[in-house]
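1. got a sequence here, can you build the structure:
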Amino acid sequence: MKSYISRIILGIFLLYTPILFAQNLSKSQFKVKGNCDMCKARIESTALKAGAKHAEYSVDSQTLTLDTGNSSPSTDDILKKVAEAGHDNEKFKASDTAYDALPGCCHYSRDIQPETVAGHEHHSKKENEFYVKGNCESCKARIEKAARNAGADSAEWNAEKQTVVLNFNPAKTSSDKILKNIADAGHDNEKYTASDTTYKGLPSCCLYDRDIPFGEANPKVHLEEASDSEHADHTSAENHGKDIEGVTVTGSKAATSLNKKEAGMVFNIDRKELLKAACCNLSESFETNATVDVSFSNAVTGTKQLKMLGLDQKYTSLTKGLLPEIRGLASAYGLNFIPGRWIESIQLTKGGSTVTNGYESITGQINTELLKNAEKPETSLNLFADFNGRAEANITSVSKINDQWSQTFLLHGNGTFGDTDMNYDSFLDRPKGTQVNAAYLLNYNDLEKSGFGSHFGINFIKDERTSGQIGFDKNVSQKEQALYGVGIDISRFQVWNKTGYVFKGKPYQSLGWMNQYIYHQQDSFFGLRNYSGQQHTYYSNLIFESILGNTNHKYKAGASFMYDDYDETYLTDQLKRNEIVPGAFAEYTLTGLKYTLVAGARIDFHNLAGTQFTPRLNFKYDITPQTIVRLSAGRGFRTANIFAESQQYFASNRSIQIIQNGGNIYGLKPEIAWNYGASLQQEFKLFGRKSTVVADFFRTDFKDQAMVDLDRSPQQLTFYNLEGKSFANSFQTQWDFTPFKNFDVRLAYKYYDVQADYLDGRRDVPFMAKNRGFVNLAYSTNKNEKGAFWSFDTTLNWVGKQRLPDTSTNPVEFQLPAHSESYAVLNAQISRNFNKKIRAYIGGENLTSYYQKNAIVDFKNPFGNYFDGGMVYAPIMKANLYIGVDVAF
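-> Below you'll find the model as predicted:
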């Protein structure tokens, strides 16, 4: 307990130490932009030359302290000279010429809104520029869309100025007509005032101050906070399959950001983040993210798995478009079925997620959104190859059919053809084979007129893999050849629809219905061990959303239905079952000036697991706009697919034993757990730029769990229900900052304490490092007039020692140590955007070339008693280089 307290104290210390750089402003202090010591010298010398008796500039607090004594120059005169030297300040803005003439290291971010530009008059409105009130990117999208719907050819709303610039043909429309339509959408402007009903119906973050005079600054502007998931929450549009207001708006937000508006810990990951690494599929989409741990789980099949909050991937809800995706028989290989180039964004939730998305989330949710939004038609081609025989190609095309309809074509193919064996054990380090993956998305958006929106999708996958010893022939029966082989063939088909309706005159009230069907077939063998499975899944979710009085009191209510038909064959045993789960849920959101409370509960009637009640709670309190505290608690349950989820151990000599206890799923009871969490998010200025530190602690307590016991015998894999305690404590602290322009740094430390009561006593869960460190550095050059620039990204993961399963009864030469070594893995990538259409990149994975030398136990005798390919705790391959190119048409 003392160690937990000391680590939490350490995290809080790290959280607040950098804030000591901040200084209070006095009457003689002024905001001045600058980056480095060179800026400091320039600003101070300019101020002294302009007549100041004393000048002291702080890069950290971005302030200039002036002492003019009794001399004649005013502070305005001095600040004007500072602006003429190239430095924006609260009184004057430097000219573009002066700013561009500064050295590259001095190019600060120009976000101050001074009273005037040095040498120029105060800003006055342009022709066809009108005052329109709003707060955020959701407001921006709504205002510009309302303008276009009223006949404007284009509209550009500026949050800082609180103005919209209109471009229109006077023969077809007028500024009055356009501004009237903007008011009807809820935004007061200099000619028309929105009705109280429409204004109150806006999302809470869009409720601008109606008392501020036109032309004055709006303190509620928060463009950087807009996010895909936030817009989804505003209108439930994503839940209902509709085009979200503002979803196509792109601001200058971070590639990965923690959403300050969400009650839960929701990280938004966009395409910019995904381009920092190879990102061939979803399993490789978190290499630059400190929250998710990714590792190989088998030395023969090359399978990758995610872990979050110290627990396996199966305890995280993995969805696509908020529809259940990687679960059931797809658990082992499903991460390979979502190509990285298809992904538009990812929303990662730590801890309990919303009850509207189901009951299976225990440690959190990872939701993937596919490409389906584009301001203009775009077709892209991606080609990728590594130096060890893997290649892939992606074609994506997003286009509008007309004003209401748009479509997306997605095509992916990959192949691994090389015999890669870097540890010389005669086994392939990764499978050979091919995948063909195709999807078509069709979107309908008529929200403004009829209120209807719909999204339709279809996806087909064929994946064939062969692994094992080099030279194994998949076309010859395993019984007829001496070489050990693995064959995994998967066919998968999905079709889904999400349809929604927004009630006329009530933008806060909507009804949505989601439906999905999945067919999944796997045929596989692992040496002489065969496993096949077929799954049919139908999922339906109906959601109604509205308010109680005003948008500070929102609620959702609905019903869901899940049907799973499983038919598995292991050796000669046939295992069939149907799971039928109708359910109902309700969720209430209370939004105050400084707090947000989301409380929900659902009840599900599972035909095999019985009636299950699932409450969840998320609370956020803004101590200040820069200091946020979050608390969460919730329950989740799931049925364990013990065969599909344990395939990493099939390439071994282990026999399977199930100690049944009267349950209805393989003789076992369902898994039930509670998750609790607390976090502190602190923002501050460092080097004159935004910096964020986040510290969080989560605990997961299992009330029941399907235990996977690898310790009873090295020749046995045993499943049974928990008798006693099983828990996971997770502590993480992360610091994101920008030392200078275009250079981002992310540092993180994670501590895990994951233990369980096995049949022979309490032990640490194997293959889980207690300590992990993370460093990510990203730098990009300035864009030139053609949009060309360089990007440099590198990530270092340090993994502490892990407990390994007990192999002490094996002969000495086949025994593993009690704990693994600690190790570090370095990934890096350099990319060049030649213009807005062409990008090339080259990178390397595991550049430290650390690999597990004993990845396969007794590899010389794969049909013997001691062979085991599932004892993997580190990378299997040494350094692997790759190249790629992206072309947009």
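2. tally of neighbours for Tyr779?
-> Tyr779 has 16 neighbours, counted by other CB atoms under 10 Å. Placement of C-beta: from N, CA and C, glycine included.
3. what helix or strand is Phe613 on?
-> Phe613 belongs to strand 610-624 when assigned by DSSP states H and E.
4. and if you look at Glu579?
-> Going by DSSP H and E, Glu579 is part of strand 573-591.
5. again with Leu79
-> Short version, using DSSP H and E: Leu79 is in helix 75-84.
6. list the helices and strands the helix or strand just after that helix packs on?
-> Once the chain leaves helix 75-84, the next helix or strand it forms, by DSSP H and E, is strand 92-93. Using 3 or more CB pairs under 8 Å, 6 or more residues apart in numbering; DSSP states H and E as the contact test, the elements touching strand 92-93 are helix 75-84, strand 116-117.
7. sorry, back to before: now do the buried residues in the strand holding Glu579.
-> Across strand 573-591, burial judged by 16 or more other CB atoms under 10 Å covers Arg577, Glu579, Val581, Gly583, Phe585, Ala586, Glu587, Thr589, Leu590, Thr591.
8. who does the residue lying closest to the fourth one once chain neighbours are set aside form a beta bridge with?
-> In space, Gly583 comes closest to Asp604 once its chain neighbours are excluded; the distance is 3.7 Å by CB to CB, 6 or more residues apart in numbering. When assigned by DSSP bridges, Asp604 has beta-bridge partners Gly583, Gln612.
9. what of Lys576?
-> Asp567.
10. elements contacting the helix or strand hosting Asn776?
-> Using DSSP H and E, Asn776 falls within strand 771-780. Strand 771-780 sits against strand 743-758, strand 789-799, with contacts defined as 3+ CB pairs under 8 Å, 6+ apart.
11. adding mean pLDDT and distance to Lys783, write those out as JSON lines.
-> Shown next, in JSON lines, are the helices and strands packed on strand 771-780 (pLDDT from 0 to 100; distance: least, CB to CB, whole Å):
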{"stretch": "strand 743-758", "mean pLDDT": "97", "distance to Lys783": "15"}
{"stretch": "strand 789-799", "mean pLDDT": "96", "distance to Lys783": "5"}
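12. so which of the ones you listed comes closest to Asn382?
-> strand 789-799 (15.9 Å; CB to CB).
13. and the closest one, which strands flank it?
-> strand 771-780 (antiparallel), strand 823-833 (antiparallel).
14. looking at those strands, which is closest to Ala439?
-> For Ala439, the closest of the strands paired with strand 789-799 is strand 823-833, at 25.8 Å, according to CB to CB.
15. A helix includes Asn336, no?
-> Yes. Counting by DSSP: H, G, I helix; E, B strand; the rest coil, Asn336 is located in a helix.
16. ramachandran angles for the nearest residue to Gln481 once chain neighbours are set aside?
-> Sequence neighbours aside, Asp473 is the residue nearest to Gln481 in space, at 6.5 Å (criterion: CB to CB, 6+ apart). Backbone torsions for Asp473, taken as degrees, to the nearest 10, come to phi -110, psi 110.
17. number of residues surrounding Asp473?
-> 12.
18. tell me how far it lies from Lys432.
-> Using CB to CB, to the nearest Å, Asp473 is found at 12 Å from Lys432.
19. low-confidence ranges, the stretch 501-650 of the chain, go.
-> Scanning the stretch 501-650 of the chain for pLDDT under 70 picks out no residues.
20. with the chain instead?
-> In the predicted model of the chain, residues 1-27, 70-72, 111-125, 219-220, 222-254, 297, 374-375 satisfy pLDDT under 70.
21. got the residue ranges for the helices in it?
-> Per DSSP state H, the chain carries helices over the ranges 2-16, 37-49, 75-84, 96-100, 137-149, 175-184, 196-200, 228-235, 237-240, 271-274.
22. off-centre distance for the fifth one?
-> Read it as helix 137-149. The chain centre lies 26 Å from the centre of helix 137-149; the measure is CA atoms, centre = their mean, to the nearest Å.
23. other SSEs contacting it?
-> The helices and strands touching helix 137-149, judged by 3+ CB pairs under 8 Å, 6+ apart, are strand 154-158, strand 163-167, helix 175-184, helix 228-235.
24. pull out the buried residues from it.
-> 137-149.
25. the strand holding Glu579 to strand 610-624, inter-axis angle?
-> 40 degrees (axes from the mean of the first three to the mean of the last three CA atoms, to 10 degrees).
26. the residue lying closest to Tyr359 once chain neighbours are set aside: what's it in contact with?
-> What sits nearest to Tyr359 in space, not counting adjacent residues and going by CB to CB, 6+ apart, is Thr614, at 4.8 Å. Residues near Thr614 by CB atoms under 8 Å, 6 or more residues apart in numbering: Val355, Tyr359, Ala601, Arg602, Ile603, Asp604, Gly634, Arg635, Gly636, Phe637.
27. does the fourth one touch Val581 like I think?
-> No. Counting by CB atoms under 8 Å, Arg602 sits too far from Val581 to count as a contact (10.7 Å).
28. for the helix holding Leu79, name the packing helices and strands.
-> For helix 75-84, the packing partners by 3+ CB pairs under 8 Å, 6+ apart come out as helix 37-49, strand 63-67, strand 92-93.
29. quick one: residues contacting the residue nearest to Gly583.
-> By CB under 8 Å, 6+ apart, the contact set of Asp604 is Tyr359, Ser560, Val581, Pro582, Gly583, Thr611, Gln612, Thr614.
30. again, 6 Å this time
-> Tyr359, Val581, Gly583, Gln612 (CB atoms under 6 Å, 6 or more residues apart in numbering).
31. still on that earlier bit, which positions in the helix holding Leu79 come out as buried?
-> Buried positions in helix 75-84, judged by neighbour count with 16+ other CB under 10 Å: Thr75, Ile78, Leu79, Lys80, Lys81, Val82, Ala83, Glu84.
32. quick one: that helix to helix 37-49, angle?
-> Going by the same axes, to 10 degrees, helix 75-84 makes 140 degrees with helix 37-49.
33. what sits up against helix 75-84?
-> Identification of contacts with helix 75-84 by CB under 6 Å, 6+ apart yields Ile43, Thr46, Ala47, Ala50, Ala52, Leu66, Asn89, Lys91, Phe92, Ala94, Ala118.
34. give me the number of residues near the third one?
-> When you say that, I think you mean Ala47. Ala47 - counted by other CB under 10 Å - has 29 other residues nearby.
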